[in-house]
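Asker: sequence first, predicted model second:
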Amino acid sequence: MNLNKYLKIKKQLTAQAGFSILEIIIVVAIIGTLMGVIVSRISGGTDNAKSGITDTKAYTLQSKLIQYQLSFGKFPTTAQGLQALTTNPGTPIAVEQDLHDGWDNTFDYKLTNKGPLIISNGKDGQPGSNESLCYLNGKKLDCKTVEAGAAN
């Protein structure tokens, strides 16, 4: 192989070897964006699933409260709380785990003039937070509306 041909091939290989800094920045930005989307979907999906579990458990509790009312002629008082479902004479209507929402926080309960109010304090577990979920007479409602007017 002659020297000129060798130098020409080497020059072509050297010019093509590696990526420019701009290409690397673009690839890193694309990967970062994709990772952000994936992580947000995964974490948001978990919260949506737990919210759905909470909805189901609250509706089931509403059914158990109606069963309690049919057995005893009235709903449990606010003071008795949902514990009345687990401690009634004879066969308990609910078990302890039924009284926990999807985040494993205990449901709050109030007997209002409009019926039984079941409250999940949501992911953060703090009463009155924006994460709270409220169920009145088997319907999911905005907690601020319920607390302001319906829950006297």
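Answerer: Now that the structure is in, tell me what you want to look at.

Asker: quick check: next helix or strand after the lowest-mean-pLDDT helix or strand in the chain?
Answerer: In the chain, no helix or strand scores lower on mean pLDDT, DSSP states H and E than helix 3-16, which sits at a mean of 65. Using DSSP states H and E, the helix or strand that follows helix 3-16 in sequence is helix 21-72.

Asker: what mean pLDDT does that following helix get?
Answerer: Across helix 21-72, pLDDT averages out at 84.

Asker: what of stretch 82-94?
Answerer: Over the span of stretch 82-94, the pLDDT mean works out to 86.

Asker: dump that stretch to PDB, keeping only the CA atoms.
Answerer: Provided in PDB are the C-alpha atoms of stretch 82-94 (Å, rounded to 0.1, in the frame of the first residue of the first chain):
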ATOM      1  CA  LEU A  82     -66.500   3.100  61.500                       C
ATOM      2  CA  GLN A  83     -65.200   0.900  64.300                       C
ATOM      3  CA  ALA A  84     -68.900   0.200  65.000                       C
ATOM      4  CA  LEU A  85     -68.800  -2.000  61.900                       C
ATOM      5  CA  THR A  86     -66.100  -4.200  63.300                       C
ATOM      6  CA  THR A  87     -67.300  -4.400  66.900                       C
ATOM      7  CA  ASN A  88     -71.000  -5.100  66.600                       C
ATOM      8  CA  PRO A  89     -72.500  -8.000  68.500                       C
ATOM      9  CA  GLY A  90     -72.700 -11.200  66.500                       C
ATOM     10  CA  THR A  91     -70.800 -11.300  63.200                       C
ATOM     11  CA  PRO A  92     -68.900  -8.100  62.500                       C
ATOM     12  CA  ILE A  93     -70.000  -6.400  59.300                       C
ATOM     13  CA  ALA A  94     -66.400  -5.300  58.400                       C
END
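
Asker: name every strand pairing with the host helix or strand of Lys140 and say which way it goes.
Answerer: Here Lys140 is covered by strand 139-141, with elements defined by DSSP H and E. Here strand 139-141 has these sheet partners by DSSP bridges: strand 133-136 (antiparallel).

Asker: who's in contact with the strand it pairs with?
Answerer: Identification of contacts with strand 133-136 by CB atoms under 8 Å, 6 or more residues apart in numbering yields 51, 54-55, 58-59, 61-62, 101, 112, 114-120, 122, 140-143, 146-147, 150-151. (Glycine included, C-beta is placed from N, CA and C.)
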